[in-house]
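Novice: Just a sequence and a predicted model for now, questions to come.
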Amino acid sequence: MCCVIRRCFVGTVLRSARATQLVTFCSIHNVGSTNLRQMDGIEAGKKAAAITAVNNHVKTNQVVGIGSGTTIISAVQRLAERVKEEGLKVICIPTSYQARQLILENKLTLGELEINPELDVAIDGADEIDADLTCIKGGGGCQTQEKIVAANAKEFIVIADSRKDVQVLGTNWKNGIPIEVIPMAWRPVQVQIEKRFGGKACLRMAQRKMGPLVTDNGNFILDWKFDKTDDWWKINTELKLIPGIVETGLFVKMARVAYFGTPEGTVDIRKASWL
């Protein structure tokens, strides 16, 4: 039996100029017999970050970009709650087939970029986020559509559990930077990346079928396992100049705010240093 429970959480907010302050946020959730404190620590962190971001950034009459991955599930659920409880009116733009299904399953209004080319806010997860809020995205293979949606939003907000919060990229995420490539070009692109930037660029293989993984756009993915950190803006620009590369999983100077949920259910909110 699912009951409605009011929960309040207190989190640490906004590490800016080494200063911190506290925020209290309250929300109503259909959580049944499970609440944030009883959840697995990682899931509690994801849920807390997602709820806080949706509460803080989504307003009525907005066009909202919906990201992909496990963390975004809680964001969509919270958005659906607010639509039901507050009469919120939002149009949701998906970044993948998974995001589209989440929007429809939660009975939210589905939009598309052809009709809504300008978004108010986009909310998405990340595989890793450094001190400048540069993100590695694309572990699930959706980085191209995710970047298109994020680039057309006034605000791009990242949500993640605290494991994803690092000083330099590559600290915890060891799978490399996903790079989407035209299928016929994957091998020459692989050679170019390794010659010019070092490291190893590996063709991502499908998990439950033979052959390479195919993206929603019909392309392949190279996972570039870099051997040193550098000027990510410069590297991202140079990578995209290689013929055959469609898009990279480097999101540089795009995320304005990041929400990191802790195993205790608190949330650390950090603004980008480049703003």
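Specialist: Ah, there it is.

Novice: G69 contacts G125, correct?
Specialist: Yes: G69 is within contact range of G125, at 4.2 Å (criterion: Cβ atoms under 8 Å). From N, CA and C alone the C-beta is placed, and that goes for glycine too.

Novice: So between those two, which is more surrounded?
Specialist: More crowded of G69 and G125, by other Cβ atoms under 10 Å: G125, with 26 against 23.

Novice: need the contact list for that one.
Specialist: 67-72, 137, 158-160 (Cβ atoms under 8 Å, 6 or more residues apart in numbering).

Novice: Please enumerate the helices of the stretch 1-150 of the chain.
Specialist: Applying DSSP state H, counting those that start in this stretch to the stretch 1-150 of the chain gives helices spanning 41-57, 70-86, 97-105, 143-151.

Novice: Please produce a markdown table containing those helices, extended by mean pLDDT and distance to D231.
Specialist: Converted to a markdown table, those look like this (pLDDT from 0 to 100; distance: least, Cβ to Cβ, whole Å):
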| stretch | mean pLDDT | distance to D231 |
| --- | --- | --- |
| helix 41-57 | 96 | 28 |
| helix 70-86 | 97 | 28 |
| helix 97-105 | 97 | 31 |
| helix 143-151 | 98 | 19 |
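
Novice: Switch those over to CSV; also include distance to K225 and mean neighbour count.
Specialist: Shown next, in CSV, are the helices of the stretch 1-150 of the chain (distance: least, Cβ to Cβ, whole Å; neighbours: other Cβ atoms under 10 Å):
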stretch, distance to K225, mean neighbour count
helix 41-57, 24, 24
helix 70-86, 23, 20
helix 97-105, 25, 17
helix 143-151, 16, 24
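
Novice: Break the protein down into its structural domains.
Specialist: Using automatic domain parsing, the domain parsing of the chain gives 3-167+253-271, 177-248.

Novice: weakest of these in terms of mean pLDDT?
Specialist: By mean pLDDT, the lowest-scoring of these turns out to be domain 3-167+253-271, with a mean of 84.

Novice: What's the separation between the nearest residue to T171 once chain neighbours are set aside and V76?
Specialist: In space, and not counting its chain neighbours, T171 is closest to E128: 7.1 Å by Cβ to Cβ, 6 or more residues apart in numbering. Per Cβ to Cβ, to the nearest Å, E128 is found 22 Å from V76.

Novice: go on, W186?
Specialist: Computed with Cβ to Cβ, the distance linking W186 and V76 is 33 Å.

Novice: can you check M184 too?
Specialist: The gap separating M184 from V76 is 36 Å, by Cβ to Cβ.

Novice: which phi and psi does D223 have?
Specialist: phi -100, psi 110 (degrees, to the nearest 10).

Novice: G141 versus that one, what's the distance?
Specialist: 10 Å.
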